[in-house]
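Q: Model the following, please.
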Amino acid sequence: MHVELQELGRAVKQAQYRQHRALDSALQAVGTTLAQWDALRAISRSPGASARELAAATFQTEQAFGTLAGRLTAQDLVERRPGHGRRIEHHLTPTGRQILAAGHKIADEVLADCFSPLPDADRATLLGLLGRLTTAETPTEPHRA
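A: Residues are numbered from 1 along each chain as shown. The predicted structure is shown next:
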């Protein structure tokens, strides 16, 4: 069976878009956005990480993450501290930890709904296939036909 690769790529993007919209909408109930909650989650996983590390973890540019971290700091969700040299370390505040925890509950509910059409075995297969795609080496040069 031949699969049209552009159709496959679009289907993956559509699923991601649907999931992100649902998460972003639901996270409003706890006063945050998907981008903010994802940043809190990344900081929680790597306390003291630099903006460069956190930008990579959240699929953002350093500039975009810096702007986001500034907003999170202004909302008392994140604390920035001096690190070694010019490094600025990021840590969650108690309020940031509360928002993160509330977001985890919401994300669990939203993702359960998003993946409800798939039985557990299909979810495991999908996770395995996506894992293979994300760990595969990608070419540094675009393919020239």
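
Q: Any stretches of the chain with poor pLDDT?
A: Low-confidence segments of the chain, defined by pLDDT under 70: 138-145.

Q: which stretches of it form helices?
A: Listed in chain order, the helices of the chain (DSSP state H) span 5-27, 34-45, 51-57, 62-74, 94-114, 120-135.

Q: closest one to His84 among those?
A: Closest approach to His84 among the helices of the chain (CB to CB): helix 51-57, 13.4 Å. From N, CA and C alone the C-beta is placed, and that goes for glycine too.

Q: wait, Ser44 sits on His90?
A: No. Using CB atoms under 8 Å, Ser44 is not in contact with His90, being 10.1 Å away.

Q: Compare these two (neighbour count), which wins?
A: In terms of neighbours (other CB atoms under 10 Å), His90 is the more surrounded of Ser44 and His90; the figures are 26 against 15.

Q: show me the contacts for that one.
A: Contacts for His90 were tallied using CB atoms under 8 Å, 6 or more residues apart in numbering; they are 43, 47-51, 54, 69, 78-81.

Q: Please tell me which one of those counts the most neighbours.
A: In terms of neighbours by other CB under 10 Å, the contacts of His90 top out with Ile43 at 27 neighbours.

Q: list the contacts for it?
A: So Ile43 contacts 49, 54, 78, 90-92, 96 (CB under 8 Å, 6+ apart).

Q: Out of those, which comes closest to Thr134?
A: Leu54 (18.8 Å).

Q: Including distance to Leu129, could the contacts of His90 go into a markdown table?
A: Shown next, in a markdown table, are the contacts of His90 (distance: CB to CB, whole Å):
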| residue | distance to Leu129 |
| --- | --- |
| Ile43 | 29 |
| Pro47 | 32 |
| Gly48 | 34 |
| Ala49 | 29 |
| Ser50 | 32 |
| Ala51 | 32 |
| Leu54 | 28 |
| Ala69 | 33 |
| Val78 | 35 |
| Glu79 | 39 |
| Arg80 | 38 |
| Arg81 | 40 |
